[in-house]
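Engineer: Could you work out the structure for the sequence below:
(chains A and B)
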Amino acid sequence: MKILLKIIKYQLHDLSRSKWIIIYTTFFFLLSYSLFTFNKDFSRVLISLMNVVLIIIPLVSTIFGTIHYYNSKEYIVFMLSQPIKRSTLFFGLYIGLALPLALSFVVGTSIPILFNLGNIHGGFDVLIFLFIAGFFQTIIFCSIAFLIATLNENKMLGLGLATFSWLAFSAIYDALILFLLQILQDYPIEKISIILSMLNPIDLARLLVILKLDISALMGYTGAVFQKFFGSSLGTILSILSLIVWAVIPFFIGIRNFSKKDF
Amino acid sequence: MSGSKKIAFAMFIFFFLVFIFLNQLSAKILLVGAAQKYQRIKTAIAAATKGDTVLVNSGYYSEGTITLTKSITILGKDYPVISGEGKTEILLVKTDGVMIKGITFSNAGLSFIHDNAAIKLDSVKNCVIEGNKFKNNFFGIYLAKSQHCQIMNNEISSSSIRETYSGNGIHLWYCRDITIKDNHIRGHRDGIYLEFVRHSLIKNNISEKNVRYGLHFMFSDSCSYSNNVFIKNGAGVAVMYTHYVTMTDNKFEQNWGGGAYGLLLKEISNSRIENNYFYKNSSGIYLEGCTRIKSAGNNFIENGWAIRLMANSMENIFERNNFIGNTFDISTNSTKNYNTFNNNYWSEYKGYDLNKDGIGDIPYHPVKLFSVITERNRPTLILLRSFFVELLNIAETIFPTLTPETLIDKNPAMRKFL
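Structural biologist: Okay, the predicted model is just below:
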């Protein structure tokens, strides 16, 4: 445990010296600040923030995560020559990456919100949910990034796979859902579409947000089915469970690979 | 004639006229109440003659159906309650020139055979129903074959739950030149219902939380609706088979549900819909088989669909409207378009204005590919605002294939209209 904390501390120190994490925080600060300055309508701010949470965070987490792992290669090899458990090292590396990324999102976004608290009327539940969603996107895509990096020695291949996995989760998966729903449109497909969207962390987070924001468009039969499921406690538990599973499973496969790996 | 005779004659004429005048004025006031001459309204009405006033003191009256065949005024003091005991109609007016004011009507009986109303006006003219309260009636005010009547400042409420067990707040059938003003209607089947009505004015009413429609009219040409508020009605407002309608400055708010529309228009033609405010409805306006409607200066804010324009609508003009923060601005089920969209403000518009004339330099396509897809296949709504769908929409804007190519706003406004 002591060693783990030490590794995390070193990682944080290392990352804070890297300019990327500062750029990342500044990006969120400027984005959130400009959204609040130019948009009087809070629900539009929330929609733009949602787009960022669902597109930028997964992208940065996967790509930055993979690069970070590859760049830490020499450090890892050096550390492994010490009497340290491999899983501890991996865990330390992971926390040392995911924690600052999640924090810079939360800090960067929330400072302008705190300045504009007076202009916000309602929508706090969505905002809090957006923070939770952003946190989960970070840890999920960091574990996916580490999984990819442990599987591939080749830097270029790893980076390509990382980019592709981001594209798969954010666009290709949705294209497949749309294709499937179009083929099956003569059947009652509401339940299938719920199940399909629960299997993708980005879709799941997006659905939970739009159920609150675009409520008037979703008031038909379809919307009622979605509302009924995600509004129930079972739906909430299953959603959160799905997000946790997405974070945990790639992480453990990553640890297993890392432990067996021949450096 | 000598001078004194002349004076005497003049005085005679004068007193004669005064007498006639006083006779007119001296219409009696008949007091009804527990401690008054008349205990029952019916006996007071039986004793009244044309032009009299029946003044009902506060209390509780239950007299079955009261039928009026004399042109008299019925006034209430401190809102006396006249009840139908859940069985009968309360007041049936069968003569012209009746005025009813300041009375609480309650519990007109539910019936599956008769349209029992708190006040029913049958084939009359020049009646005024003003400042009354209606509580838990089957129908509130029912006018049949009547003309030149005024319904003002009434508070009409009921607690209906199912359509089949409830009547309408204000119901007009075969009427003309009726004014319905400043009423507040709540919890009926339809707030205001008009069928075969001509030249009527519906103004400043609030119609909310009705089981079905806030306002419902059919075959009612040349009527005008302005400054009304329709909020949270089960299915919004529905109007059908009518020409020459004017709807201005109305508010349609929070009509939510699968079958709910801010304003549903079916077979409406030659009409004006101007300066209305549509906020948070599932569909702002739904047009089916509508022609030559001019829609200008309306605000569509945060609706699911601002306008759903079905293929059989044509020659409609949409100008200077504000479309702000709607999930879908326009949706249609056709690849052709015979309507005109010009100079509207679209909050989703991303164009530029180089010559600074307030009009965007590139046209705006308000129909997105995704809205065409969801119109055909509703469950795809699950992909709303997904990255892939945004990509599809952009691709479609550049190369339209499924969306109507001619449904564009060539002169989109850069600033919203105030």
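
Engineer: Name the spans of the chain whose pLDDT lies under the cut-off.
Structural biologist: I'll assume chain A. A:215-217, A:219 (pLDDT under 70).

Engineer: Chain B was what I was after
Structural biologist: Across chain B, the ranges flagged by pLDDT under 70 are B:1-2, B:19-26.

Engineer: interface residues of the stretch 201-350 of chain B facing chain A?
Structural biologist: Applying Cβ under 8 Å from any Cβ of the partner chain, one finds that the stretch 201-350 of chain B approaches chain A through B:256-258, B:260, B:280-282, B:302-305, B:324-325, B:327-328, B:347. Using the backbone N, CA and C atoms, a C-beta is placed for each residue, glycine as well.

Engineer: cutoff 10 Å now
Structural biologist: Residues of the stretch 201-350 of chain B lying close to chain A by Cβ under 10 Å from any Cβ of the partner chain are B:254-260, B:262, B:279-284, B:301-305, B:324-328, B:347.

Engineer: Buried among those residues? Need that as a selection in PyMOL.
Structural biologist: In PyMOL syntax, the buried subset of those is picked out as below (16 or more other Cβ atoms under 10 Å in any protein chain shown):
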select buried, chain B and resi 254+255+256+257+260+262+279+280+281+282+283+284+301+302+303+304+305+324+325+326+327+328
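
Engineer: Do a quick rundown of the strands in the stretch 51-200 of chain A.
Structural biologist: Taking DSSP state E, counting those that start in this stretch, the stretch 51-200 of chain A contains no strands at all.

Engineer: Nearest residue to B:Lys203 in space, please, no chain neighbours.
Structural biologist: Of all residues not flanking B:Lys203 in the chain, B:Lys181 sits nearest, at 4.9 Å (Cβ to Cβ, 6 or more residues apart in numbering or on different chains).

Engineer: Kindly report the same for B:Thr67.
Structural biologist: B:Thr67 sits nearest to B:Leu92 (Cβ to Cβ, 6+ apart), 4.7 Å away.

Engineer: separation between that neighbour and B:Ser83?
Structural biologist: From B:Leu92 across to B:Ser83, the span is 15 Å (Cβ to Cβ, to the nearest Å).

Engineer: distance of B:Asn377 from chain A?
Structural biologist: B:Asn377 sits at a distance of 4 Å from chain A (criterion: Cβ to the nearest Cβ, to the nearest Å).

Engineer: so that residue touches A:Gln185, yeah?
Structural biologist: Yes - judged on Cβ atoms under 10 Å, B:Asn377 makes contact with A:Gln185 at a distance of 4.5 Å.

Engineer: With neighbour numbers in mind, choose between these two.
Structural biologist: Between B:Asn377 and A:Gln185, counted using other Cβ atoms under 10 Å in any protein chain shown, the more crowded position is B:Asn377 (17 against 14).

Engineer: next SSE after the helix or strand hosting A:Leu211?
Structural biologist: Taking DSSP states H and E as the criterion, A:Leu211 maps to helix A:201-213. Later in the chain than helix A:201-213, the nearest helix or strand by DSSP H and E is helix A:221-231.
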